[in-house]
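Q: When you get a sec, could you give me coordinates for this:
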Amino acid sequence: MARLQTLEEAYSEPTNFLEIDVCNPQTHGEGRARYTDYEIRVRTNLPVFGKPESSVRRRYSDFEWLRDELSRESKIVLPELPSKALFRQLPWSSETIFDPEFIEERRKALEAFLNKISGHPLAQNERCLHMFLQDPEIDRGYTPGKVRAKDGRR
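A: Numbering: from 1, shown residues only. Below is the predicted model:
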């Protein structure tokens, strides 16, 4: 007969967790130099990650870079990113990529994308994912590879 779980066990921190939130979108610049970036907040106790908590800002093109890197370096099937919304970028379009509703839809889709990828055990060892989630700047000239699981060092 299985023993019942105690309240302490039911509400204690899980053994292994990885929480990723995409939040606080901010639009910067003007005209053709205008863009929106998002805060990526990570909280984890997985030993493969070097920091238990981190916060970085990323824009859509950084998400494209991450997907391209993972598709080249890993053997996992990757979810699609939300669309580029090219129609919204045309000069005569009444809707733009800077409309609050569009930014919120994209934020939700980017968060779902990141959580799907990050939940995959093979992706969790990819250096590009760690850089994307935890390094203040993305080094696009980095050397692809795996992160050592025992201490999170690259």
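Q: which residues does the residue nearest to residue 18 when sequence neighbours are not counted contact?
A: Distances taken as CB to CB, 6 or more residues apart in numbering place residue 44 nearest to residue 18, at 4.4 Å, with adjacent residues excluded. Every residue, glycine included, has its C-beta placed from N, CA and C. By CB atoms under 8 Å, 6 or more residues apart in numbering, the contact set of residue 44 is 17, 18, 19, 52, 53.
Q: Just the pLDDT at the fourth one, thanks.
A: In this case it means residue 52. Listed pLDDT for residue 52 reads 93.
Q: Relative to residue 18, how far out is it?
A: 11 Å (CB to CB, to the nearest Å).
Q: quick one: secondary structure of the residue nearest in space to the middle of the chain?
A: In the chain, the residue lying closest to the centroid (CA atoms, centre = their mean) is residue 114, at 3.9 Å. Following DSSP: H, G, I helix; E, B strand; the rest coil, the label given to residue 114 is helix.
Q: The chain should start at 419 in everything you say after this.
A: With 419 as the first residue, the last one maps to residue 532.
Q: That one touches residue 458, doesn't it?
A: Yes - here residue 532 reaches residue 458: they are 7.1 Å apart, a contact under CB atoms under 8 Å.
Q: Helices of the protein, residue ranges please.
A: Secondary structure of the chain (DSSP state H): helices located at 425-429, 478-491, 518-536, 545-552.
Q: the inter-axis angle of the third one versus helix 478-491?
A: Angle, helix 518-536 to helix 478-491, by axes from the mean of the first three to the mean of the last three CA atoms, to 10 degrees: 20 degrees.
Q: buried ones in helix 518-536?
A: Within helix 518-536, the residues that qualify as buried are 520, 521, 524, 525, 527, 528, 529, 531, 532, 535, 536, counting by 16 or more other CB atoms under 10 Å.
Q: can you check stretch 450-461 too?
A: By neighbour count with 16+ other CB under 10 Å, stretch 450-461 contains the buried residues 454, 455, 456, 458, 459, 460.
Q: Just send the residues you listed back as CSV, with distance to residue 556 and pLDDT too.
A: Converted to CSV, the buried residues of stretch 450-461 look like this (distance: CB to CB, whole Å; pLDDT from 0 to 100):
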residue, distance to residue 556, pLDDT
454, 17, 94
455, 12, 97
456, 14, 98
458, 11, 98
459, 17, 98
460, 15, 97
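Q: Which of the residues you listed sits closest to residue 486?
A: residue 458 (17.4 Å; CB to CB).
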